[in-house]
Structures are given as C-alpha cells and as structure tokens.
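1. Quick one: sequence and predicted model below, then my questions.
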Amino acid sequence: LGASRLEVSLRIVVPAAISGIAAGVVIATSRAIGETMVVTLAAGAAPRNFDLGSDSLFGYILNPFQSAQTMTGYVAITASGDLAYNTIDYNSIFAIGLTLFFMTLGLNSLSRRIVKRFRREYE
C-alpha cells in the first residue's frame, strides 16, 4: 500500500504492542527491586549510613563509584549476622521486607492496569 517497513512498525506494530512493552518494563523494574544478592554484591556490600549534614544529593548518592546500601542488601547483610530479638536492626528487616513487598505489589498492579487499558483499544 506504499508504506515503508519503518512506517508500518511505528504506526501499527508499536501501538498494538505497547501494552506488552509497558508491562514488561514495569515487571522488569519490579524484579530489579526484589533482587537480593546481585544488588548486594554490585552495590559494594558495605553498610553505609546517609548523613544529611555531610552527604550532598549530587555528591555521594549519584556517584556510581561510592559504595551504597540498598534495602535488599541491608536485609541480606543484617539477617546473616547474629541479631538480638526486638532490637532496631531485627525489627527493621521486617519493615524493609514489608516496604519491598508493597513496592512490588504496586508495580505489578500498575502493569496489570496498563495491559488492560491498552488491550481494550486493540481488541
């Protein structure tokens, strides 16, 4: 009909596949948040406390060469040590786990809504 392959791809294929693409991005983000050991090792596996007085937003946080402490990494390192019952460290791993659960649940719910919204338009 006179349309090039690029025009067909951009005007027909991509809009029809946008629900799957968007859901894939959201689910991949959700999986990346939930990873434990890979994040622990990649981030430097070192506990790091953030000090608002000396650490700046554009200094240490965005510096990829500075070791970091992620939520999943904190749980992995803290849970592998000896923890006394009912201490801040002991209770914090459950709070972090609950936070990660709700973040993952929210991202999965978002991906389902995206899929449902865009599927209706192309069915």
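-> Yep, it's here. Residues are numbered from 1 along each chain as shown.
2. how close does R117 sit to I18?
-> Distance, R117 to I18, by Cβ to Cβ, to the nearest Å: 10 Å. C-betas here are computed from N, CA, C, even on glycine.
3. Compare those two and say which is more crowded by neighbours.
-> Of the pair R117 and I18, I18 is the one with more neighbours under other Cβ atoms under 10 Å, namely 17 against 12.
4. Report the helix or strand with the lowest average pLDDT across this structure.
-> Every helix and strand of the chain was ranked by mean pLDDT, DSSP states H and E. The lowest is helix 37-42, at a mean of 62.
5. need the helices for this protein, in chain order.
-> Taking DSSP state H as the test, the helices found in the chain are 5-8, 14-34, 37-42, 71-79, 88-122.
6. Give me whichever of those helices is most buried.
-> Neighbour counts (mean count of other Cβ atoms under 10 Å) averaged over each of the helices of the chain peak at helix 71-79, with a mean of 18.
7. could I get that helix in PDB with only the CA atoms?
-> This file holds the C-alpha atoms of helix 71-79, laid out as PDB (Å, rounded to 0.1, in the frame of the first residue of the first chain):
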ATOM      1  CA  MET A  71      17.200  -2.200  51.100                       C
ATOM      2  CA  THR A  72      17.700  -5.700  49.900                       C
ATOM      3  CA  GLY A  73      21.400  -5.600  50.600                       C
ATOM      4  CA  TYR A  74      20.700  -4.400  54.100                       C
ATOM      5  CA  VAL A  75      18.300  -7.300  54.700                       C
ATOM      6  CA  ALA A  76      20.800  -9.800  53.400                       C
ATOM      7  CA  ILE A  77      23.700  -8.500  55.400                       C
ATOM      8  CA  THR A  78      21.700  -7.900  58.600                       C
ATOM      9  CA  ALA A  79      19.900 -11.200  58.600                       C
END
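8. From the contact counts, what lies against it?
-> Contact partners of helix 71-79 among helices and strands, from 3 or more Cβ pairs under 8 Å, 6 or more residues apart in numbering; DSSP states H and E: helix 37-42, helix 88-122.
9. coming back round to it: pick out the shakiest of the helices of the chain, pLDDT-wise.
-> Of all the helices of the chain, the minimum mean pLDDT falls on helix 37-42 (a mean of 62).
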